[in-house]
Structures are given as structure tokens and as C-alpha cells.
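Q: build me a model:
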Amino acid sequence: MTEARPIDLLGLSPAAGCGCKVPLQRLSGFMTAVDEMVGTLNATRRVHTDGRSRDDAALYEIAPDRLLAVTVDFGTPVSSDAATWGRVAALNALSDIFAMGATPLLALSVLGWPDGIGKAPMLALTRAAIEALSQASAVLLGGHTIISPTPLFGLAVVGIAKPGDVMLIRNAQPGHLLILTKPLGTGIVLAAVKAGVVGLEAASAAEAVMTSSNQMSAELAVSAGVRAATDVTGYGLIGHLHNMLSASGCAAEIDMKRVPALPSAERLLEEHGVVPNSAERTYFELEEEIDWGRTPLSVRFLLSDPQTSGGLLLAAAPDVAERFLTACAKERQFAAVIGSVTAGRPGAVHVRA
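A: Residues are numbered from 1 along each chain as shown. Coordinates of the predicted model:
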């Protein structure tokens, strides 16, 4: 791999980070076919959750009181700075482990790199990922690297969990409060950065959200007794909430006034009409599942916005939620109640303006 000119990594990507995910409906058809392939085989082994559950990571029993949590997550650049992208990509992959209530142990890297860029940004990217893993008490043990015209990076992560502590998407129940641990809007800001219509301050605010870890929020949630969770990534808040509700057999109400968002994202939607392509796809694919009421189109796209290294979405009984929120306030961890789980058609969401 030859040394060459510096290059804008973000400019090499058709969509940033988790904005490059396969559309929901296409992925659903693919996963249904895969479910049939693995279903019988996995049912005969010590599998607690696999891809059929649509959870953030698979769980495999290695002892009566220990589960392995395993995931892989990679994507396209979210920054022109390789080190920033490396940290975000690592935290994005680790978040799948945290969302299960598990503790990460080790990781392998997945790297696709364009020929002609050189090794300096590759090293900066990998160094930042190693540092993020180290801060989570995990280690990088190796990986696989290929030449790719579009830069790709991420991690396969292995963690460990106690059966009684795991958080699963199917555990939401009517009466639970819905809690979000990061503001929305990073995908909109990244789309604006790529389009050249946003300044450094807005880009830095989005990067600050993406480079913050979900580890402490997850640990506080497990300690408080939360047992239903997912993380908000490429299908936006509305897509991942729909997934949780479908698995749990419940519906939900969201109070839009309580949903936290980056101020710059709201301005970009309303004043410049910046909408990531994947947010638009998710909105239209779920249009019949969501009662948007009188919410404006900008709000609908905000809730559909693809997040990279987004926050945790938790569902918890009111007393558990209160313990969690109190713990978050003590530890200065962001958390906001955005709605509640209700009885109703599985997967349905009503959004109040």
C-alpha cells in the first residue's frame, strides 16, 4: 500500500457511518431467509439469543452463570479525521455489547482501505480504536484488512454477561417508561458536513455525542434493574423503537417535546432541508406503523435520523426508571424520559407533537 496525498475520508463515503446500513425492508427479507438457515442448528446448542431475536448482540452460554456476548459492527467514515472516526467506530461496536448489559473483553478489527492513501491515517484510526477499547478494559487481538475504494472500519467484539443482568429488546412491557441517553441529530449534521452547509461548531457538537461512551449508562441501567434496552443507530430512534416494540408485543407513545436533539440538527432540517437518504427511507418504510399525528415533516425525519454511536434506548418500570435517572444525575450522565410503552398493536408508535 503506497504512501500518497492526504485525503478527505468523509468525502470518499456515499453515506456517513451507520447511514450506510441496508434499508429496513430489504434487510428484513434477507434476515428472514437467514433465520431459516440457522434456526434448526442453533436450537440444538447453548444459544440464548442469535440473529433471529434482532438483539444488538448474540448470547451464548459458556457456563451456567456466564454468557458470551458477541457482535460485529463496521461502517463508513463519520469524520475526515481518522482518529475521530476510529474512536467513534470502536464505541459504536462496543455499544452493542453495552446494550445487552454485558462487559467487553476483546475485539478484532475489520478494515477496508483505499489504495494510495498511505498508512499514517490507518495507524491513527487503529490507535484511537485501541484507546477506546482500553478505556472499556478490552483489548484488540488482531483483525482483517482489505483494499476497498470506500473506507470501512469497525470491530467484532466479544464480551461476557451474567444471565440475570442481560437487557433484551423483548423485555419491554406496557407501563414502562422509555429513556434515551443521547440526543438525536448526528446523522443530519454529518450529511450537512458532507454537503458543506454547516460550520465547525455544529460538527464538533455532533462528534462530541458520537465520541462519548455508553458504558457508564449501561452499567447504571443494569444496576438499577433495567432489563429492556437497545442502542439507537442506523435506523434512527423510530426504527429501533419499532424493533423493540415488535419483539415485546407492545406499542408506545412518544412525547416529541421531551426528545432531546442537537440544536444544529433541528436548524438544518428546518432551514436547509438537510435529510440523510437513509432517514427518508426509514420514514417511508415505517409510515404505516407510526401515527405521526400533527408532527411536522422535520420532526419525522429527526426521529428517523441514522445515528452512529447513538444513545441507549431503555424501557423500565417507573420505580426502576427513577433509580436509573437518579444514578445518572449523580454521575452526570445524560438521560431523558421520552415516552412510555403501551398496550396495542406490536410495533406501533404514536408520536405527540
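Q: quick check: A124 touching R87?
A: No: with contact defined as Cβ atoms under 8 Å, A124 does not count as touching R87 (10.3 Å). Where C-beta positions appear, they are placed from N, C-alpha and C, glycine not excepted.
Q: of those two, which one has the most company?
A: R87 (28 against 16; other Cβ atoms under 10 Å).
Q: I'd say the more buried one and A129 touch.
A: Yes: judged on Cβ under 8 Å, R87 makes contact with A129 at a distance of 6.9 Å.
Q: this protein: helices as residue ranges?
A: 24-43, 82-99, 120-135, 186-195, 200-210, 215-224, 236-248, 263-267, 277-285, 297-304, 318-331 (DSSP state H).
Q: tell me how far the second one lies from the chain's centre.
A: Between the centre of helix 82-99 and the centre of its chain there are 9 Å (Cα atoms, centre = their mean, to the nearest Å).
Q: now swap in the shortest one and tell me
A: When C-alpha coordinates are averaged (Cα atoms, centre = their mean), helix 263-267 and its chain have centres 20 Å apart.
Q: other SSEs contacting that helix?
A: Judged by 3 or more Cβ pairs under 8 Å, 6 or more residues apart in numbering; DSSP states H and E, helix 263-267 is in contact with helix 186-195, helix 200-210, helix 297-304.
Q: most tightly packed of the ones you listed?
A: helix 186-195 (a mean of 26; mean count of other Cβ atoms under 10 Å).
Q: for that helix, packing partners?
A: helix 200-210, helix 263-267, helix 277-285.
Q: tally of neighbours for E219?
A: 17.
Q: hang on, I meant V259
A: Neighbours around V259, by other Cβ under 10 Å: 19.
Q: and the residue nearest to it when sequence neighbours are not counted, what is it in contact with?
A: If the residues on either side of it in the chain are set aside, V259 comes closest to I338, at 4.9 Å by Cβ to Cβ, 6 or more residues apart in numbering. Neighbour list for I338: L178, I179, L180, I254, D255, R258, V259, P260 [criterion: Cβ atoms under 8 Å, 6 or more residues apart in numbering].
Q: now, of those residues, which are buried?
A: L178, I179, L180, I254, V259, P260 (16 or more other Cβ atoms under 10 Å).
Q: any chance of those residues in TSV, plus distance to G116 and pLDDT?
A: TSV is the format used below for these (distance: Cβ to Cβ, whole Å; pLDDT from 0 to 100):
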residue	distance to G116	pLDDT
L178	47	98
I179	46	98
L180	41	98
I254	46	98
V259	43	97
P260	41	97
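Q: out of those residues, flag the one nearest to I62.
A: Of all the buried ones among the contacts of I338, I179 has the smallest distance to I62: 30.7 Å, by Cβ to Cβ.
Q: ok, which of the helices and strands packed on helix 263-267 comes nearest C250?
A: Nearest of these (Cβ to Cβ): helix 297-304, 17.9 Å.
Q: spit out the residues that contact A124 and R87 alike.
A: In contact with both A124 and R87: no residue, using Cβ under 8 Å, 6+ apart.
Q: returning to what we had before: could you say which of the helices of the chain is packed most deeply?
A: Stretch with highest mean neighbour count among these: helix 82-99 (a mean of 28; mean count of other Cβ under 10 Å).
Q: ok and that helix relative to helix 200-210, angle-wise?
A: 40 degrees (axes from the mean of the first three to the mean of the last three Cα atoms, to 10 degrees).
Q: between the helices of the chain, which one is closest to L168.
A: Closest among those, once you apply Cβ to Cβ, is helix 236-248, at 7.9 Å.
Q: please name every helix or strand in contact with the closest one.
A: strand 228-231, strand 251-255, helix 277-285, helix 297-304, strand 312-316, strand 349-352.
Q: how does it look with 6 Å?
A: helix 297-304 (3 or more Cβ pairs under 6 Å, 6 or more residues apart in numbering; DSSP states H and E).
Q: got the CA positions of the helix it packs on in CSV?
A: Taking C-alpha atoms only, helix 297-304 is exported to CSV below (Å, rounded to 0.1, in the frame of the first residue of the first chain):
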residue,chain,number,x,y,z
LEU,A,297,-42.1,16.5,8.5
SER,A,298,-38.9,17.8,10.0
VAL,A,299,-39.7,16.1,13.3
ARG,A,300,-40.4,12.9,11.5
PHE,A,301,-37.1,12.9,9.8
LEU,A,302,-35.3,13.8,13.1
LEU,A,303,-36.8,10.6,14.7
SER,A,304,-35.7,8.6,11.6
